[in-house]
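# okay, sequence plus prediction incoming.
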Amino acid sequence: MSLWVGFSDGLDRVLAWADGHLVGRSGRPEGGRRAALCLLAPALLLLGVFGVAPIVSTVLLSLFDLRYGNGAFAGLGNYQEALQSSAFWNSVRVTAWYLVGVVPTTIGLGFVVAWGLMHVTQGRTLFRTLYFLPYITSAYAAALVWRALLNPQGGLANGLLEWIGLPTQQWLLEPRGLLHVVTGGAVAADVGPSLALCCVMAFDIWHGLGFTVVILLAGLSAIPQELEDAARIDGAGVLQVIRHVTLPLLTPTLYFLLLIGTISGFQAFNSFYALTQSGGNTLGTTENLVIYLFANFYDNGRWGYGAAIATLLLVAIIALALVQARFARRWVHYS
Amino acid sequence: MLTRSFIGLSLLGGLIAGCNPTPSSSGDFQPLSTDQVVFWDRQTTETAQLLQRITDEFNDSQEGLPVRIETTGNYGEIYRKVMASIQARQLPAMAVSYESMTAQYAASGAVVPLDGFVSAASGGLSPEELADFFPAVLESNYYSDYDGQLLSFPFSKSVLMLYANHRVLRAAGIEAPPKTWEEFLQQCRTIREKTGKPAYAISVDCSTISGMIFSMGGELVVDGVFQYDQPAARQAFGLLETLMEEELAYQIQARTFDDEVAFARDDVAFTIRTSAGSANMAVAMGGKNDDWSMNPLPQQNLDRPATILFGPNITIFKTGAEQERVAWAFTRHFTSVPVMTEWALATGYLPIRKSVANDPRMQAYWDAWPSNKVPYECLAFAKTEPNLRGWQEIRSLVEKAESAVLAGLKSAEAATTELQVEAQATLARAQQ
């Protein structure tokens, strides 16, 4: 403890000295830039070591055919193998289904809840807290509870189905597609996301809804009330106000949520791991890119190949973020 | 200009820090602790307490670095942590591991061959002591992929058992658990018919499938060729297919013990698990030993029985001479006759040495309840899974094939045919 106090005290003195020294020079333009850069330097250094270094390391790792630490330079061989692997494309498909299922649903539901909360006059704080509770619950612990609810033997979900006279389901063990299950087999079993994947999506929507609601509430609160009032005076109904006033002014918030949701959707791991234990029992229908990467890196010891998947994942995230940013210019209104 | 310099510097720092992605296979690894010998283990509750006491006694008996037990999760988690630690080049002195895990660790050059320790004049094992270990528990620790070196040492062993709930059997009018797979299927049908309950809760597990294949007269690998397209494997997967089609069994969620819960609630008659779970099962069954039993795995041919040997070994990592010396001394201490006897009596694990089996206390333990001795009797015909590089990856392929059959998405024949091709390809790639 005393070491930490001493360190903090020392750091404080250094920063105070730097501050005083740099403020004296900040009258000149060059001095101001130097001051700013000196203050940025620690952050840049940390970013370099803990942000850039792992990325560089991963990219370099991906160029070697490393198995359990040994292997020769393979160039782009790992990337070639990934792009030719059906298991890789399956994980891409699972990730895509997950993104399509989770991100718009969470934002849509979040908007409905947030809009409702904005117009609730009593108990708003209580409702906000209730919606936010799942988000602050440990994802792993919550997933274990969901596993119990979705247990095919004795779980609450099947109990409810039995009670209303519907056939019970295998839930997290079901590799067949949701459409196949719902239509009683009319649609092929491998069409669309599996029922197990839909369960994972439902969990993540439930878990992430609170965060979305809070962000949207902040966005809604920033919209001047006079604009909605003016629209109403002009004869606009509730839906028209939402469509022509609220949503356009909320687009920066929606864009933020879309971006964050997409990135975290690509990186989803906890729910997949906790609910389906890596997806083996669902025949890969719950094996997203991160689980696939994890299995190759840690279970199969294929470090180079795992690093190549991680790099492809990074490229995919950056590409999608750039595409979103480009299209955002058309529909995001900052004023 | 200055901005560019700073950003360039941070990128350069990142590049320098991020370089050297390829760990060398030569040279030692850093120990997790320089003043303690860290041992990664998975034991919990009472068995963890006993292991701690044994460790304390060992530490008191020697002047070298003390051994520290770290409970590091289940076997899969320990494997992943060791793999990550190998990449970080910082390892515990030793860890519990299955043969397939040790084979993977050895590929990274992280494992200490134990042949030198065993044959050492001081601190080694005499030929008589070595001969005291049951051959089945020792043989799998010699790795053909690594010139037959002894890369791990037996720690705790168990065998695959058929647990039978006699309350359910009695309700179905069945007097004794099945001895053959044919009887097993017939009893499952009777239980379904008489009680309306599924008879067997299936936990998807590669080792259980391996045990079934052994007990049906098959092998997993012969001369480097997998045998999943051979009759015994097809029969094992076919049995699962029949059980699911006729609703005689159901699949439990992955990595749970829901089958044991169902067993204790009289929801099923059978579950197939390792004998190491007998202590937990006894608690779950409320100590009523007349209501359940541990039985040998049903067989195809009772004259040539076979089952699978479970249980981890100890792998010692290259963390420096002193760490390795103490790790071996601990391994030797743990597998000594008095400690092994105490361990086997308290935990239900098999005695891995013949002289432990001859101990009067062990005999008394076996006489107390017939099921206590059944796992030991199975040791004579127990076989291990392959200790080949790549087996760890193939295990997940086997479990996927099993899941496909259980879900009714593939026939046993189609699943085993595909599994054969995939397993062979994976093995070939891993052996490169």
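Great, that's in hand.

# so which elements touch the helix or strand encompassing A:R329?
Applying DSSP states H and E as the criterion places A:R329 in helix A:303-331. Counting contacts by 3 or more CB pairs under 8 Å, 6 or more residues apart in numbering or on different chains; DSSP states H and E, helix A:303-331 is packed against helix A:53-61, helix A:77-84, helix A:247-266, helix A:289-294. Every C-beta, even on glycine, is put in place using the N, C-alpha and C of the backbone.

# packing partners of the third one?
Helices and strands in packing contact with helix A:247-266 are listed as helix A:86-118, helix A:195-221, helix A:303-331; criterion 3+ CB pairs under 8 Å, 6+ apart.

# and it with helix A:303-331, angle?
Orientation check (axes from the mean of the first three to the mean of the last three CA atoms, to 10 degrees): helix A:247-266 against helix A:303-331 gives 180 degrees.

# what does the stretch 101-250 of chain A have sitting close to chain B?
Within the stretch 101-250 of chain A, the residues that sit near chain B (CB under 8 Å from any CB of the partner chain) are A:147, A:151-153, A:170, A:172-176, A:189.

# out of the helices and strands packed on helix A:247-266, which one sits most buried?
helix A:195-221 (a mean of 22; mean count of other CB atoms under 10 Å in any protein chain shown).

# next SSE downstream of it?
helix A:225-233.

# put the alpha carbons of that next one into PDB.
Output in PDB follows, covering the C-alpha atoms of helix A:225-233 (Å, rounded to 0.1, in the frame of the first residue of the first chain):
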ATOM      1  CA  GLN A 225     -40.100  19.100 -26.200                       C
ATOM      2  CA  GLU A 226     -41.200  22.200 -28.200                       C
ATOM      3  CA  LEU A 227     -40.600  20.400 -31.500                       C
ATOM      4  CA  GLU A 228     -42.900  17.500 -30.600                       C
ATOM      5  CA  ASP A 229     -45.400  20.000 -29.200                       C
ATOM      6  CA  ALA A 230     -45.300  22.000 -32.400                       C
ATOM      7  CA  ALA A 231     -45.900  18.900 -34.500                       C
ATOM      8  CA  ARG A 232     -48.900  18.000 -32.400                       C
ATOM      9  CA  ILE A 233     -50.300  21.500 -32.700                       C
END
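
# any idea of the pLDDT on the residue of chain A found nearest chain B?
Ranked by CB to the nearest CB, the top residue of chain A for proximity to chain B is A:V52, at 2.9 Å. We note a pLDDT of 93 for A:V52 in this prediction.

# residues near B:V118, how many?
18 (other CB atoms under 10 Å in any protein chain shown).

# can you give the domain ranges for chain A?
A:2-61, A:79-331 (automatic domain parsing).

# of those domains, flag the one that's most buried.
Highest mean neighbour count among the domains of chain A (mean count of other CB under 10 Å): domain A:79-331, a mean of 18.

# where among the domains of chain A is average confidence lowest?
Lowest mean pLDDT within the domains of chain A: domain A:2-61, a mean of 77.

# can you list the residues of the stretch 301-432 of chain B near chain A?
Residues of the stretch 301-432 of chain B lying near chain A (CB under 8 Å from any CB): B:392-393, B:396, B:399-400, B:403-404, B:407, B:409, B:430.

# what about those, which are in helices?
Those of these mapping onto helices are B:392-393, B:396, B:399-400, B:403-404, B:430, per DSSP state H.

# redo these as a markdown table? Include neighbour count and distance to B:P375.
Formatted as a markdown table, these follow (neighbours: other CB atoms under 10 Å in any protein chain shown; distance: CB to CB, whole Å):
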| residue | neighbour count | distance to B:P375 |
| --- | --- | --- |
| B:Q392 | 23 | 25 |
| B:E393 | 22 | 29 |
| B:S396 | 17 | 27 |
| B:E399 | 21 | 24 |
| B:K400 | 25 | 29 |
| B:S403 | 23 | 28 |
| B:A404 | 21 | 31 |
| B:A430 | 23 | 32 |
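
# circling back: need the helices and strands packed on helix A:303-331 in a markdown table with distance to A:F327, can you?
A markdown table is the format used below for the helices and strands packed on helix A:303-331 (distance: least, CB to CB, whole Å):
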| stretch | distance to A:F327 |
| --- | --- |
| helix A:53-61 | 26 |
| helix A:77-84 | 26 |
| helix A:247-266 | 10 |
| helix A:289-294 | 23 |
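
# any low-confidence regions in the stretch 301-432 of chain B?
By pLDDT under 70, the stretch 301-432 of chain B contains no weakly predicted segment.

# hey, where'd the helices end up in it?
Listed in chain order, the helices of the stretch 301-432 of chain B (DSSP state H, counting those that start in this stretch) span B:321-334, B:337-347, B:354-357, B:360-368, B:370-378, B:391-406, B:412-431.

# nearest to A:T246, out of the ones you listed?
Of all these, helix B:391-406 sits nearest to A:T246, with 47.0 Å by CB to CB.

# tell me how far that closest one lies from the chain's centre.
Helix B:391-406 has its C-alpha centroid displaced from the chain centroid by 16 Å (CA atoms, centre = their mean, to the nearest Å).

# also stretch B:52-70?
Distance, centroid of stretch B:52-70 to centroid of chain: 25 Å (CA atoms, centre = their mean).

# name the residues that touch that stretch?
The contact list for stretch B:52-70 (CB atoms under 8 Å, 6 or more residues apart in numbering or on different chains) reads B:33, B:35-41, B:48, B:51, B:92-93, B:322-323, B:325-327, B:329-330, B:333-334, B:339, B:342-343.

# over to stretch A:149-164?
Outside stretch A:149-164, the residues that reach it (CB under 8 Å, 6+ apart) are A:148, A:167-173, A:199, B:201, B:250-253, B:258, B:262, B:267.

# how far away from the center of its chain is it?
Its chain's C-alpha centre and that of stretch A:149-164 lie 29 Å apart, by CA atoms, centre = their mean.

# quick one: end-to-end distance for it.
Using CA to CA, to the nearest Å, one end of stretch A:149-164 lies 17 Å from the other.

# and B:S126, what does it touch?
Counting by CB under 8 Å, 6+ apart, there are no residues that B:S126 touches.

# residue contacts, B:T307?
B:159-160, B:211, B:214-215, B:296-297, B:378, B:381-383.

# so for the helix or strand B:A262 falls within, mean pLDDT?
Using DSSP H and E, B:A262 falls within helix B:258-264. What helix B:258-264 shows for mean pLDDT is 95.

# right, is it up against chain A?
Yes. Using CB under 8 Å from any CB, helix B:258-264 reaches chain A at B:258, B:262.

# what's the very next helix or strand once past that helix packed up against?
The C-terminal neighbour of helix B:258-264 among helices and strands, as given by DSSP H and E, is strand B:270-274. For strand B:270-274, the elements it packs on are strand B:158-165, strand B:200-202, helix B:258-264, judged by 3+ CB pairs under 8 Å, 6+ apart.

# need the winner for burial among these.
Of those, the one with the most neighbours on average (mean count of other CB under 10 Å) is strand B:158-165, at a mean of 25.

# identify each buried residue in the helix or strand following that strand, please.
Counting by DSSP H and E, the next helix or strand C-terminal to strand B:158-165 is helix B:166-171. Within helix B:166-171, the residues that qualify as buried are B:166, B:168-169, counting by 16 or more other CB atoms under 10 Å in any protein chain shown.
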